[in-house]
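# Turn this into a structure:
(chains A and B)
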Number of protein chains: 2
Amino acid sequence: MRRILGFLFGRPLATYEAKLEKIGPVAGVPVFGLDALSSAAYGPEAALTILIPLGIAGLPYITPITAVIVILLSIVYMSYLQTIAAYPQGGGSYTVARENMGARLGVLAAAALMIDYVLNVAVGISAGVGALVSAMPSLQPHTLMLCLGILALLAIVNLRGMREAGAIFMAPTWAFVACLLIAIVWGIARSLASGGHPMPIVAPPKAKAATEAVSAWILLKAFAGGCTAMTGVEAVSNGVPSFSDDKVKNARITLSLIIAVLVILLIGISAMVRAYHIVATPPGQQGYQSILSMVLAAIVGRNWFYYVSIASILSVLVLSANTSFAGFPQLCGIVARDGFLPFSFSLRGRRLVYAQPIYVLAALSGLLLIIFGGITDRLIPLFAVGAFLAFTLSQAGMVLHWRREKGHPASMFINAIGAAATALTVLIVIVAKFTEGAWMTLILIPALVILMFAINRHYQRLGREIAARGPIPLDHLERPIVFVPVDAWTKVALKALRFALSLSCEIKALHIETGERTDELRQRWEEWARKPAEASHLASPELIVIKSPFRYVVTPIHDYILLQKDRYPNRKIVVIVSELVERRWYHYLLHNQRGEALTALLMLSGDPQIVVINVPWYTKVD
Amino acid sequence: MRRILGFLFGRPLATYEAKLEKIGPVAGVPVFGLDALSSAAYGPEAALTILIPLGIAGLPYITPITAVIVILLSIVYMSYLQTIAAYPQGGGSYTVARENMGARLGVLAAAALMIDYVLNVAVGISAGVGALVSAMPSLQPHTLMLCLGILALLAIVNLRGMREAGAIFMAPTWAFVACLLIAIVWGIARSLASGGHPMPIVAPPKAKAATEAVSAWILLKAFAGGCTAMTGVEAVSNGVPSFSDDKVKNARITLSLIIAVLVILLIGISAMVRAYHIVATPPGQQGYQSILSMVLAAIVGRNWFYYVSIASILSVLVLSANTSFAGFPQLCGIVARDGFLPFSFSLRGRRLVYAQPIYVLAALSGLLLIIFGGITDRLIPLFAVGAFLAFTLSQAGMVLHWRREKGHPASMFINAIGAAATALTVLIVIVAKFTEGAWMTLILIPALVILMFAINRHYQRLGREIAARGPIPLDHLERPIVFVPVDAWTKVALKALRFALSLSCEIKALHIETGERTDELRQRWEEWARKPAEASHLASPELIVIKSPFRYVVTPIHDYILLQKDRYPNRKIVVIVSELVERRWYHYLLHNQRGEALTALLMLSGDPQIVVINVPWYTKVD
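This is a model prediction of the structure:
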């Protein structure tokens, strides 16, 4: 077992090894930026997919939509730069909201973030598989199985711990950024050379004829979908404690790098889409091709560069889910320490990672993938609500933070703008995407909040119940009355009786009447137990024979003990149950399990006065 | 739960009510004779099915085959009359073989009988369903489901206990006998009136053309199949203790009645088959019709009498399986008391029946029905081997019995003839039916014998291991050293500590180092535990802090205790594990289960020096 664990998850790490796992910006961009950067692969596509009904006439609208998204992104970036400085201990939206706006809104932010993390895993993987099936259309029918396989792989990698995970992710991220930038620069060059009308090397699929005219409503929906291009920028602020040395500086550099690259990618993609007249294909159907695949094929053709680029896109998208595997457990740990999630969520496992949240995250995102068939487009509406609700709460919290801390008015202003802009976005997303899935988050988030408060209430009540102040009470420490069920005069019974004699001087053996064996036991008891004990000036153990007309054994003993409890209200009652422990599991069938049954019955009665002691007899018989 | 049990299985019966369940010949014939009598429904058919390839030319051979079977049956009858007298305590073949030929052959007889009983259930039910689908051909595709449904019903009826079971079976058996006798007498009368060439009212299906010529081999196979007409006659000798008052006389009367009726039925059926030219139909196929169905239809037509008769045949065949439900548990009980089966098989349940063997019987016969698709003909080969092997061993045992007891030479002679005749039959069945399934019993029976001896060896070794003679040793009865794992200064911990103080004067609290909480606990321990205990002149409980670099909690405590064990080799080591017992199952997730884990680890180490005591804290928090 240990070997299997070791092979899959690596050797256990000691607490003092925790520091070694800290990272700088070069590793920070892939680990905390994958999510934000890879959003470029599905954000613009989410907007373009909404524009499909407009046909080729929808294309020009991608420019203003992208512009609004970039402006919003800049606002959010400014806000998070301040958050990192103000909260170097990490926790992001949750910590900020909780500290500045109280437990209720903090837990709301946590719930929004948790749902956001889960969706980020599902969307990252499904979009990655979308890129894969764009390059290899024959894999399209296996979309869901590919998604689930990748999810399992990710979970295992993350249970190994983050340092190695960071190393795995470094190369593909930089390759992804390089490929896209090269393609964009090359595309712009070709576009300029051709006077703004470049010929695609591989022509994108023909746009379907328009079925709708443009309307504010469809543009709003496209914007709401495109907003998901911004998801994941909060990851850095949640993960500040993971940075080395000057945490704040390193985190800020990392965030700036991420945002800069992301903005370039978003603008570049929208420019290329227009230049090459690329319209989205219907998702989840045979013939689906991702926007980036069409852009790359148009600029460079389906050559080796195309396939390298697609491989890097697949890698980063799939690994972008890793942002969640880094952030979700850390968030759960913080929330659990505050008592709003099971305490075990805050325990780091054998590889210094919070193991339980990783399982939860994998399970929930797997469920989402199954429900939505691994189709990115269907997951987008749920995704946007959680992400922007968390942004809003975080920035609203920062406003209050600056007011309380009497910070610079400019800081407060930046965060106020951020809060207002993201709040507006949440509203737009909810309205525009309501019927397409946003309604689910409106149920899930409050449900999660209620659950978390219920957990907190449970821990608080329990804490009050078991709280002890002051010295240990030393009254009523008489030795207990000990009952020993005895079947026959065997070594098993003698072991239990000897243990009873070492604990107390009031011992009562309980025996169920069974005819001959009872007479034999009575006789032996007199000779071999009572007389020797008296001779040794020990208290004489008493044999009590109980009749059982219905041949039951366990219940009469149980009932007798409950009666004795009432007879000696101030004494502890100890029941010593001797049990045969078989060496082989299949011997279980050969022996009665009355010991276990009696133990279970007495435990179920839940009486604090009764203590059951199992004295096992480990048989050597095979 | 109790209510459901009561509804299904009736109220529990006290041991003194056992006598009321005893029966006389009028109830004895249905209860112990159903199997033997109902054999008339499948025995002749088994022979006739083998003769199908001979076509209409095979018919005359049924007469000599029936004659041989009746002679064999008479021999077996005579033998069993003697067995009943010699063994009024019951147990049949097993008891006789074991007492006279030793444990090995006794267990062999038991194994043969057990397999025989299981097959009797399967064959009885499948043949009954065969009668049903003869009358209602549309049910033929549902053969297996009908079989399993009936099996479940039977199991429940038998778990209620035998008296009521006997009452249920009385009417159908007598109806079955009456119907068949009336039909046979009517058939003979019509045959005589028509000068030996009666016209069938409903003509049986035309016989297929002959595909084989008659051979000694095919007649031998037909005889081997027909022999199953004799199965079940041993049931009375197994069940002698169930008879009231003069057990032997009542049992003998019952057996004689059963044999007389059976012989009349067998001869009558073979006569009718010949007179009406009835040839068997291929079993398990659409168009299958049982021999008795064709006989009845030919003699009386498909009128109300036909349907009443089929209903009675269905009832007795199905209920004939009940012979096994009476005999199998009784046999298992006897064998289990001899230590060759799990001891729990010998315990009578709440309704005075041996409950466990009933479950085993139902499960095994259900399995057989599923494997063989509920087709009687496929079960016949397995059936014949077990039955005749048991006959042989029983009668061989009787020969030795008379020699030892110096009984009448005639008695010994009768049993010797019986033993020789049945032994010869076993050989014929094995050879003739080898490839059709008899080989299975040749594997199953030795496997069962090996298993039963293994069980016996286990019990004997265990008995020797735990056997205790002489007085209880009273040395080394010092109070134990008590270890109490303590997480924090809570009421839960205090409860465990107080219990420890009541047991011993050497108490060591074990705590895993966790930073702040540890310092707090150290301080409180000094003030609130050590000082008050010293002030009260009690032994001072010691706090031992254990470091755990890998953040494990359970294993360091476990390892520490194992070390202490070596330090105090002659002392009992008690570990008091305090555990939070949640009120709701879903609270399980909210609390660590370290107490359970530690208990399990210490139990697994299997050290007789260590005793684990769980002191539960029953929280009142919802």
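# per-domain residue ranges of chain A.
Domain assignment for chain A by automatic domain parsing gives A:2-14+A:23-461, A:481-618.
# Check the secondary structure at A:Leu474 for me.
State at A:Leu474, reduced to three classes by DSSP: H, G, I helix; E, B strand; the rest coil: coil.
# Tell me who's in contact with it.
By Cβ atoms under 8 Å, 6 or more residues apart in numbering or on different chains, A:Leu474 lies in contact with B:Leu501, B:Pro532, B:Ala533, B:Ser536, B:Leu538. C-betas here are computed from N, CA, C, even on glycine.
# circling back: now the domains of chain A in a markdown table, please, with extra columns for mean neighbour count and distance to chain B.
Formatted as a markdown table, these follow (neighbours: other Cβ atoms under 10 Å in any protein chain shown; distance: least, Cβ to the nearest Cβ, whole Å):
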| stretch | mean neighbour count | distance to chain B |
| --- | --- | --- |
| domain A:2-14+A:23-461 | 21 | 4 |
| domain A:481-618 | 17 | 4 |
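# Same list (the ones you listed) but as JSON lines, adding distance to B:Ala171.
Output for these, formatted as JSON lines (distance: least, Cβ to Cβ, whole Å):
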{"stretch": "domain A:2-14+A:23-461", "distance to B:Ala171": "58"}
{"stretch": "domain A:481-618", "distance to B:Ala171": "31"}
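# So which of the ones you listed is nearest B:Ser605?
domain A:481-618 (9.7 Å; Cβ to Cβ).
# what pLDDT, on average, does that closest one get?
Mean pLDDT, domain A:481-618: 84.
# now that domain, how far from the centre of its chain.
47 Å (Cα atoms, centre = their mean, to the nearest Å).
# can you check stretch A:84-103 too?
Worked out by Cα atoms, centre = their mean, stretch A:84-103 lies 20 Å from the chain centre.
# A:Val263 is in contact with A:Lys70, correct?
Residue A:70: Val, not Lys. Yes. Contact criterion Cβ atoms under 8 Å: A:Val70 and A:Val263 qualify, at 5.6 Å.
# quick one on the thing from earlier: identify whichever of the domains of chain A lies nearest to B:Ala493.
Across the domains of chain A, B:Ala493 has its closest neighbour in domain A:481-618 (14.5 Å, Cβ to Cβ).
# ok, now how distant is the nearest residue in space to A:Pro485 that is not next to it in sequence from B:Ile23?
If the residues on either side of it in the chain are set aside, A:Pro485 comes closest to A:Leu510, at 4.8 Å by Cβ to Cβ, 6 or more residues apart in numbering or on different chains. Note on A:Leu510: its distance to B:Ile23, by Cβ to Cβ, to the nearest Å, is 37 Å.
# any weak-confidence spans in the stretch 101-250 of chain A?
By pLDDT under 70, the weakly predicted segments of the stretch 101-250 of chain A are A:161-169.
# Tell me which stretches of it form helices.
A:143-159, A:162-193, A:216-226, A:235-238, A:247-275 (DSSP state H, counting those that start in this stretch).
# same thing with the stretch 401-550 of chain A?
Using DSSP H, counting those that start in this stretch, helices in the stretch 401-550 of chain A cover A:409-432, A:439-466, A:491-503, A:516-525, A:531-535.
# mean confidence for stretch A:446-461?
92.
# what does it rub up against?
Contacts for stretch A:446-461 (Cβ under 8 Å, 6+ apart): A:103-104, A:107-108, A:110-111, A:114-115, A:335, A:338-343, B:587, B:590, B:621-622.
# again, 10 Å this time
A:103-112, A:114-115, A:335-336, A:338-343, A:441, B:582, B:584, B:587, B:589-591, B:619-622 (Cβ atoms under 10 Å, 6 or more residues apart in numbering or on different chains).
# Nearest approach to A:Arg98 belongs to which of the helices of the stretch 101-250 of chain A?
helix A:235-238 (13.2 Å).
# helices and strands around that closest one, which ones?
Secondary-structure packing of helix A:235-238 (3 or more Cβ pairs under 10 Å, 6 or more residues apart in numbering or on different chains; DSSP states H and E): helix A:25-50, helix A:62-86, helix A:92-135, helix A:247-275, helix A:304-337, helix A:376-405.
# Distance from the longest one to the middle of the chain?
Taking Cα atoms, centre = their mean, the mean C-alpha location of helix A:92-135 is offset from the chain mean by 11 Å.
# tell me the angle that helix makes with helix A:25-50.
If you take axes from the mean of the first three to the mean of the last three Cα atoms, to 10 degrees, helix A:92-135 sits at 60 degrees to helix A:25-50.
# got the angle between helix A:92-135 and helix A:376-405?
160 degrees.
# between helix A:92-135 and helix A:304-337, how many degrees?
Going by the same axes, to 10 degrees, helix A:92-135 makes 150 degrees with helix A:304-337.
# repeat for the last one
In terms of direction (the same axes, to 10 degrees), helix A:376-405 departs from helix A:304-337 by 50 degrees.
# follow-up on the earlier one: which one, of the helices of the stretch 101-250 of chain A, ends up nearest to A:Pro329?
Nearest to A:Pro329, of all the helices of the stretch 101-250 of chain A, is helix A:143-159, at 8.1 Å by Cβ to Cβ.
# just checking, what packs against that closest one?
helix A:2-9, helix A:92-135, helix A:162-193, helix A:304-337, helix A:355-371.
# cutoff 7 Å now
Here helix A:143-159 touches helix A:92-135, helix A:162-193, helix A:304-337, helix A:355-371, going by 3 or more Cβ pairs under 7 Å, 6 or more residues apart in numbering or on different chains; DSSP states H and E.
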